[in-house]
Structures are given as C-alpha cells and as structure tokens.
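Chemist: sequence first, predicted model second:
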Amino acid sequence: MHFDDRLATVLRSDVGGDRAARTQFRQLLDLLGAARAEDAGLPAATSRALAQQVEGLSRQEMDAQLLHPALERRDHKLLTFLAYHRISELSGVIPAEERSRIIREPGLRLRNRRLVAFLADGDAKPAAAVVATARLTEDDWLALVPQLPVMARGFLRHRRDLPPSVKALLAQMGVRDNVLPLPESAIVEEGEAAEDVLPAVPVPTGETGSRKPAREATTEKAGGIGELRRRIEAFREARRETPKDPQLPLGDAGEIETAARVDTVDFTLDSNGRIDWADEAVAPFLVGVKPGSAHSPAIARLADTALLALDRRQVLRGVQMELAAPPILAGAWRVDAAPQFSD
C-alpha cells in the first residue's frame, strides 16, 4: 500500500472558514472515493475503538496525538482513519443541503463502497445524493446493500442502472426491511472476526508481564496503533486529573454530564402509524410511540391536518411535531416524511 501525499496535504491544511471547509470536504470525498474499498484503512474493530478514544479531542489535540505520528511514519491506514474522522467533523459545520450539492458535483469520484456506506449513514439529503451518484461494481453493490440504512436503501430503488442481481437483492430485502442499520465501521473485512473488538484502554500489566489480545498485538506490530492508543489514553487521563478552575462551591455539580442533544433523527412508522425503527441513539425513547393529536397526552404530537395526511399516506414537508421526551429529544421538531409501498 502506497503513501498518498495528496491525502496528507489535505489533512495538514487549515479550515479557516466556510469556503475552506467546503473545499476540504470536496477534496477528501474525491480522494477517498477513488480509493479501493480494501484500502479503507484500519480494521473495523480498531477504528471503532480508536474513534471512541479520540471523541471530544480538539483539532490541535488530534493533530498532536494522531496526525503528526501518521505523517512521520507515513502511515496510510492511519491517515485514512483521520480522513473519515475529518469528514465527520466537517459534516457538523456544513449544512446537509450543501453537502448534498457537493456530492452531486460532476466529476466527483464515488467508487469506494466504504465511503458510500459512511455517507449513507448520515443525514437524509447527503445519503440520497450518495446512493444516486455512486458508481460501484456489481460485487460492491451486493456487499453494500445489506449494510445500508433502510432510508438509503429506499433511495437506491430509484436508480435504473443497477445490475439485475442488485435489483433482485433489493426486492428480496424490501424497502420496509427494519434491520437496524450498521455504521461504516461495522463493515468487516473478509477474515476479520466481528466479535474481535479491541478494548478502549490497555490491559493492566501484572507481575508476569503485559497481556494483550492477539488482534491488538498484531496491529501494534504492523503499525504501532496500540502504542498510539496507549498514549492517547494517557493524555486523556492526564487531562481528567487536571483541576478545573474555577470550581463550583460545596460540590461537583459542574462535573455532571448530560447527553448531547441530537440535531437530526431518522425513524420509520409501520402501517398502523407507530414508530417501528429509529436511530440507535434515540430508539429507546421513540420505538413503539404512535403520534397523536396536538391536544392528546401522546409523547409525539402532530396537528390534526398532519395526522390526516399521515393516515392518507401523503407526503409531509416541514410539519411540526412536539416531543414530550427526555432533554436529548424534547421540544419542537420539523418532520419530512414520504410513504413507502410494498409490491
């Protein structure tokens, strides 16, 4: 596997404004989209564990802990991991409609099924754009379709250029297949055991020496990822031990953590109008809920006109829905929805 200096150059560049963020987003999509799926980077289990460890680190901290070591070692797999992480960060600052426009730009190469799965697992408009413009081989489509979220799989049915085997697979699975979607990192390479997940912290060392899972030992020998993860954990531990100033008097109320409020939610309803699937982070609060009228005690409340449109299987655009739920979801939401019909 060669070291891609172009990817290193893009990751080193600063994102100082909206235009720079859009440019870098476009460059990363182009570079990752042209790569082979098997060159996607670290094993899925390692990527998941590393992503959990770096969550919450600032851009400067990410550069110090991962980017600089990757550049020094010319580590292509680690750079690829950082590229996907940067796309996630940029997706938080670039509106979904703008990301959709960039994905649909002529000349953008989307031939990497892992990138397609990664983008399809996000907001609706970029997901629709990526499944509409991706140019994959028949084998890649057959491997990708079962991993797509229900919504993205439904968008895929609008394409007319898919091989017959892919169309047959879509028909077999159905647009109302309610299998929970898997993230891009859950697509496992051939020969990699899905249950072989690395621990987020190093295993303690006993008197007889350190003991590590075989997977981590192999990965560390191959690219030093185990050493990087230990250094990141040590860095986070040191930061946790640093006293915060100022402190609230007579207690640690300032340390109470609350779940971050979500900005978008994907969910589906069954034929009776009851939520039967939702994003994993909010599924415990929504699955099983049936929207009621604005004056009802229901958890999810819609205007009577919206409920009538829902009963008539009509498209909803910008309909307001009130959620009486935990803080992560509570409040007024804008809902866009469309019916999906079986054969």
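Modeler: The structure has been received and is ready for your questions. Quantities reported herein were computed from a predicted structural model and do not represent experimental measurements. Numbering: from 1, shown residues only.
Chemist: what's around the closest residue to residue 20 other than its chain neighbours, how many residues?
Modeler: Sequence neighbours aside, residue 14 is the residue nearest to residue 20 in space, at 6.9 Å (criterion: CB to CB, 6 or more residues apart in numbering). Quick note: C-beta positions are derived from backbone N, CA and C, even for glycine. Residue 14 is flanked by 8 other residues according to other CB atoms under 10 Å.
Chemist: what does residue 140 give?
Modeler: Residues near residue 140, counting by other CB under 10 Å, number 19.
Chemist: so it belongs to a helix, correct?
Modeler: Yes - applying DSSP: H, G, I helix; E, B strand; the rest coil, one finds residue 140 inside a helix.
Chemist: and it, how far from residue 114?
Modeler: Distance from residue 140 to residue 114, counting by CB to CB, to the nearest Å: 9 Å.
Chemist: do residue 96 as well
Modeler: Distance, residue 96 to residue 114, by CB to CB: 21 Å.
Chemist: more neighbours: which of those two?
Modeler: Neighbours per residue (other CB under 10 Å) separate residue 96 from residue 114, with residue 114 holding more: 27 against 17.
Chemist: SS state for that one?
Modeler: Three-state assignment for residue 114 (three-state DSSP): helix.
Chemist: contact partners for residue 338?
Modeler: By CB atoms under 8 Å, 6 or more residues apart in numbering, the contact list for residue 338 reads 315, 316.
Chemist: show me where the protein has its strands.
Modeler: For the chain, applying DSSP state E gives strands covering 267-269, 275-278, 292-293, 300-302, 316-323, 331-337.
Chemist: pick out the shakiest of the ones you listed, pLDDT-wise.
Modeler: Here the lowest mean pLDDT among those goes to strand 275-278, at a mean of 85.
Chemist: and it, how far from the chain's centre?
Modeler: How far strand 275-278 lies from its chain's middle: 19 Å, per CA atoms, centre = their mean, to the nearest Å.
Chemist: tell me the strands beside that strand, with direction?
Modeler: Strand pairing for strand 275-278, using DSSP bridges, gives strand 267-269 (antiparallel).
Chemist: any low-confidence regions in this protein?
Modeler: Along the chain, segments meeting pLDDT under 70 span 1-4, 37-41, 174-223, 238-260.
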